[in-house]
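[1] need a structure here:
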Amino acid sequence: MTKKVLILSSSPRRGGNSDTLCDEFMRGAKESGNQVEKIFLKDKHINYCTGCSVCSMYSKPCPQKDDANEIVEKMIAADIIVMVTPVYFYTMSAQMKTLIDRTCARYLEIKDKEFYFIISAAETSIPMMERTIESFRGFLDCLEGPKECGVIYGVGAWKVGEINDKVSMGEAYEIGKKV
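    Numbering: from 1, shown residues only. Below you'll find the model as predicted:
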């Protein structure tokens, strides 16, 4: 069965280590016959949530006119959501957190999805990376029926391209193939 896979790459640099990992995941998912779309958040204009409460108090869509609403629509339509981030100070990038915050108006519609998380960091300790993964899990705790299906830890990669020799490259491809 073909699945709709949405990959959200929050790397601030195209071809960076986390972005390279998501491309490997995407290659595997496509080879398995899935419909895959990658959104490079850097290419999108996503404002911060202003806390205006239009979405919660009046049950209306977010009034901001930027790219967040389009991305949230795609999250709602997807079967699988892959959230990809470089690790900064043991947490996700600002680009990813801003998008998560902007799901506020419609997060209850992002339900019954499979989720994969891909991170890259200079840090070599996987247990230290759990702080970042817990941030993603906090988002999932607010959704209805999410299923965490896999985590790819791209550790020990600081400079662009250092991820290419890591085991996580093969893991990203193989997990992508199995979605």
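
[2] so where do the helices sit in the chain?
    17-31, 54-57, 68-77, 94-102, 126-141, 167-177 (DSSP state H).

[3] Quick one: closest of these to residue 4.
    Each of those was scored for nearness to residue 4 using C-beta to C-beta, and the closest is helix 68-77 (6.4 Å). C-beta here means a position set from N, CA and C on the backbone, and glycine is covered the same way.

[4] how about that closest one: buried residues?
    68, 69, 71, 72, 75, 76 (16 or more other C-beta atoms under 10 Å).

[5] just stretch 1-19 next, same as before
    5, 6, 7, 8, 9, 10, 11, 16, 17, 18, 19.

[6] cool, and stretch 43-52?
    Under the neighbour-count criterion of 16+ other C-beta under 10 Å, stretch 43-52 has 46, 49 buried.

[7] Also stretch 91-108?
    For stretch 91-108, burial by neighbour count (16+ other C-beta under 10 Å) applies to 92-93, 95-107.

[8] out of those residues, who's nearest residue 26?
    The shortest approach to residue 26 among the buried residues of stretch 91-108 belongs to residue 96, at 17.0 Å (C-beta to C-beta).

[9] Quickly note the distance from that closest one to residue 132.
    Using C-beta to C-beta, to the nearest Å, residue 96 is found at 10 Å from residue 132.

[10] what residues are shared contacts of these two?
    Residues touching both residue 96 and residue 132 (C-beta atoms under 8 Å, 6 or more residues apart in numbering): residue 85.

[11] what's residue 49 in contact with, if anything?
    98, 101, 102, 104.

[12] now swap in residue 23 and tell me
    Residue 23 neighbours (C-beta under 8 Å, 6+ apart): residue 38.
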